[in-house]
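In: got a structure for you, letters missing:
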Ligand code: DON
């Protein structure tokens, strides 16, 4: 009898087994009966798998391997699922996180938008919304604040839904810049490689793509879409809006540069103003948890049941959040949490847990990249303790 060590993942591959079925005897793994079948080690029964192409043929192939050329179905059932631990476990850990990080004194409250400087640095709210709409919160989860850059993934989702995700990708790009959110250098460079809608330039360009041929029509689209994500009518924080409007010359400059590069699809000043309004929408940590949970729930708002965007759009939005949601420190974030996230300069943060729900935090002191210090610590702690990291696995045998 001959034993050859083959990594477990290859044992699930029909063509390898087909190629070697005459020479390998693998203990305890029954031979695959037909293409696209694997053994479910739990159930000890054969399960169907979606067909997969393999190009080029695996180098171990010694003869023509039959592969089914049909691509996986577009609306595949093979998606992220699961659930959070029980509500009492989640509650216990959310409270533990609040207690643990409330005393952290690092970070600075943003003041380049003067109204934001008035935020109380001690405010600290945490909320988790499960995909079934159950909520768990601690601290100031009902404190209103302006959404700021956390608006960006939701705007991108609405634009993808309106013009199609392929057109949105082609116009806005989905590549990380590795540079700060307001970088002008990134705009100049993005003639070569398009950046993404999580930074200011990409978000202003996305805003310009909102349906409608007037500022009012575009705003109606944006306001309605955000309210559907939150499950309640959202309104602007007039003080923050006036303050940012009076000081956002740099965003106006970015919009003009985009316009000169023919990468803006509406008037630069109006586009910047619409973007500023959307950043000034007033939300709470609880709202954000439900908005994040909507992105993690195939686009369906867990409480209202409203299908805000298509499931496939959520998966693309989450991909861009992974690469660029925390700007130049997105890699650190992903390493620590293993989840898509998005921050805002008012101190809010969202973390999406695909298939399971959404986490939101509010704590105004920020690190040098503009991301909430306590928010990042909380997301890392809860990702570890609640077992949320998308990359975590353990050997099955
Ligand atoms: O455009 C700006 O500068 C703000 N309205 C939003 C920036 C922001 O939230 C960056 N995030 N951390």
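Out: Happy to help now that I have it. This structure is a prediction, so every number in the text was calculated from the model and none was measured.

In: sec struct for residue 297, please.
Out: Here residue 297 is coil, with the state taken from DSSP: H, G, I helix; E, B strand; the rest coil.

In: distance of it from residue 171?
Out: 27 Å (Cβ to Cβ, to the nearest Å). To be clear about C-beta, it is placed using only N, CA and C from the backbone, and glycine gets the same treatment.

In: so where is the stretch 1-150 of the chain shaky, pLDDT-wise?
Out: Along the stretch 1-150 of the chain, segments meeting pLDDT under 70 span 1-77.

In: so what's whatever residue of the chain ends up closest to the ligand up against?
Out: Nearest residue of the chain to the ligand (Cβ to the nearest ligand atom) works out as residue 149 at 3.0 Å. Counting by Cβ atoms under 8 Å, 6 or more residues apart in numbering, residue 149 touches 181, 198, 200, 203, 279, 342, 343, 344, 345, 370.

In: Let's see which of these end up in strands.
Out: Under the assignment DSSP state E, the contacts of residue 149 contribute 342, 343 to strands.

In: among the contacts of residue 149, which are in reach of the ligand?
Out: Of the residues in the contacts of residue 149, proximity to the ligand by Cβ under 6 Å from any ligand atom holds for 181, 200, 279, 343, 344, 345, 370.

In: Save these as JSON lines, and put in pLDDT and neighbour count too.
Out: Converted to JSON lines, those look like this (pLDDT from 0 to 100; neighbours: other Cβ atoms under 10 Å):
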{"residue": "181", "pLDDT": "83", "neighbour count": "25"}
{"residue": "200", "pLDDT": "95", "neighbour count": "26"}
{"residue": "279", "pLDDT": "98", "neighbour count": "29"}
{"residue": "343", "pLDDT": "97", "neighbour count": "32"}
{"residue": "344", "pLDDT": "97", "neighbour count": "28"}
{"residue": "345", "pLDDT": "97", "neighbour count": "24"}
{"residue": "370", "pLDDT": "93", "neighbour count": "21"}
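
In: Turn the residues you listed into JSON lines, columns for distance to residue 253.
Out: Listed next are those as JSON lines, based on distance: Cβ to Cβ, whole Å:
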{"residue": "181", "distance to residue 253": "14"}
{"residue": "200", "distance to residue 253": "10"}
{"residue": "279", "distance to residue 253": "17"}
{"residue": "343", "distance to residue 253": "23"}
{"residue": "344", "distance to residue 253": "21"}
{"residue": "345", "distance to residue 253": "18"}
{"residue": "370", "distance to residue 253": "18"}
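
In: can you give me the strands in this protein?
Out: 37-40, 45-48, 125-130, 135-139, 145-146, 282-283, 341-343, 348-353, 357-362.

In: looking at those strands, which is closest to residue 90?
Out: strand 135-139 (4.8 Å; Cβ to Cβ).

In: okay, the residue nearest to the spatial centre of the chain: pLDDT?
Out: Ranked by distance to the mean C-alpha position of the chain (Cα atoms, centre = their mean), the top residue is residue 318 at 3.0 Å. At residue 318, the pLDDT value in this model is 98.

In: now do residue 314
Out: Residue 314 is given a pLDDT of 97.

In: Is it correct that it is in contact with residue 156?
Out: No - using Cβ atoms under 8 Å, residue 314 makes no contact with residue 156, being 10.6 Å away.

In: Compare the two (neighbour count), which wins?
Out: residue 156 (28 against 24; other Cβ atoms under 10 Å).

In: quick one: the more buried one from residue 342, how far?
Out: On the measure of Cβ to Cβ, residue 156 and residue 342 end up 10 Å apart.

In: hey, what's in contact with both of these two?
Out: residue 198.

In: rewinding a little: which residues touch the residue nearest to the centre of the chain?
Out: 295, 296, 340, 352, 354.

In: Make a PyMOL selection of the buried ones in the residues you listed.
Out: Entered in PyMOL, the line below selects the buried ones among the contacts of residue 318, by 16 or more other Cβ atoms under 10 Å:
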select buried, resi 295+296+340+352+354
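
In: Now distance to residue 335 too, for the strands of the chain, in a markdown table please.
Out: Converted to a markdown table, those look like this (distance: least, Cβ to Cβ, whole Å):
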| stretch | distance to residue 335 |
| --- | --- |
| strand 37-40 | 31 |
| strand 45-48 | 33 |
| strand 125-130 | 22 |
| strand 135-139 | 26 |
| strand 145-146 | 27 |
| strand 282-283 | 28 |
| strand 341-343 | 12 |
| strand 348-353 | 14 |
| strand 357-362 | 17 |
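
In: out of those strands, which comes closest to residue 83?
Out: That would be strand 125-130 among the strands of the chain, by Cβ to Cβ, at 7.1 Å.

In: Measure how the closest one sits relative to strand 135-139, angle-wise.
Out: Angle, strand 125-130 to strand 135-139, by axes from the mean of the first three to the mean of the last three Cα atoms, to 10 degrees: 170 degrees.

In: Quick check: neighbours of strand 125-130 in the sheet, parallel or antiparallel?
Out: Sheet partners assigned to strand 125-130 using DSSP bridges are listed as strand 135-139 (antiparallel), strand 357-362 (antiparallel).

In: who wins for proximity to residue 262 among these?
Out: strand 357-362 (36.2 Å).

In: Mind listing what's buried along the closest one?
Out: So, applying 16+ other Cβ under 10 Å, buried residues of strand 357-362: 357, 358, 359, 360, 361, 362.

In: likewise stretch 100-114?
Out: 101, 107, 109, 110, 113.

In: Out of these, which sit inside helices?
Out: residue 101 (DSSP state H).
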